[in-house]
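Asker: Based on what follows, work out the 3D shape:
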Amino acid sequence: TMNRPFVTVMHAAIAAVFLLNITALGGCAASAAPTFLEVRLAYTGPTEGATATELPDRPYPIYLTDELVIDNHDVVAASASQTQEGVPAVQIELSKAAGKRLGTITDTDEPIVFAFFLDGTLIAAPRVMSRLERRLLITNLTGFTEEEVEALVARLNV
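Answerer: Have a look, this model is predicted:
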């Protein structure tokens, strides 16, 4: 049989680990998960209040606003995917509220640019030509390997 002090210490250790895991997963109201994925509204031409931002894969800048469209807190599920050409991509399902916001923004005849930031670094800026809602496929992740896509998906699914 186990002696009482050992059992008490073991229960305390299990409780501490459980509490740490809940806090790390954002289960504690006092500690929200950090934002690491941000999607901001951008334009292809000069726009009041927008800042010109150069992209390594484009000969022209995008004009970035501070308007946050979605972030990692809006992601319900993520999975690794590929384009038809076999390039790594990330498929994302958003919350209903985020899907509605995205649908409202993209319900226009004008092309829209979304700037995707990962840990503060611009990773993609696709031009959107049709209405989007809850499901997104992020392609053109310049330089991302399959392993990096898998790591991003794991972070989004926490």
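
Asker: so which helix or strand takes in residue 99?
Answerer: helix 96-106 (DSSP states H and E).

Asker: which element follows that helix toward the C-terminus?
Answerer: Assignment by DSSP H and E places the next element after helix 96-106 at strand 112-118.

Asker: what's the next secondary structure element after that following strand?
Answerer: strand 121-124.

Asker: That following strand: how far from the chain's middle?
Answerer: A distance of 11 Å separates the centroid of the chain from that of strand 121-124, by Cα atoms, centre = their mean, to the nearest Å.

Asker: What pairs with it, parallel or antiparallel?
Answerer: Strand pairing for strand 121-124, determined by DSSP bridges: strand 112-118 (antiparallel).

Asker: one step back: extract the C-alpha trace of the helix holding residue 99 and format it as PDB.
Answerer: In PDB, the C-alpha atoms belonging to helix 96-106 read as follows (Å, rounded to 0.1, in the frame of the first residue of the first chain):
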ATOM      1  CA  LYS A  96     -19.900  31.400 -37.300                       C
ATOM      2  CA  ALA A  97     -19.300  35.000 -36.100                       C
ATOM      3  CA  ALA A  98     -16.000  35.300 -37.900                       C
ATOM      4  CA  GLY A  99     -17.500  33.700 -41.100                       C
ATOM      5  CA  LYS A 100     -20.300  36.300 -41.000                       C
ATOM      6  CA  ARG A 101     -17.700  39.100 -40.600                       C
ATOM      7  CA  LEU A 102     -15.700  37.700 -43.500                       C
ATOM      8  CA  GLY A 103     -18.800  37.300 -45.700                       C
ATOM      9  CA  THR A 104     -19.800  40.900 -45.100                       C
ATOM     10  CA  ILE A 105     -16.400  42.300 -46.000                       C
ATOM     11  CA  THR A 106     -16.000  40.100 -49.200                       C
END
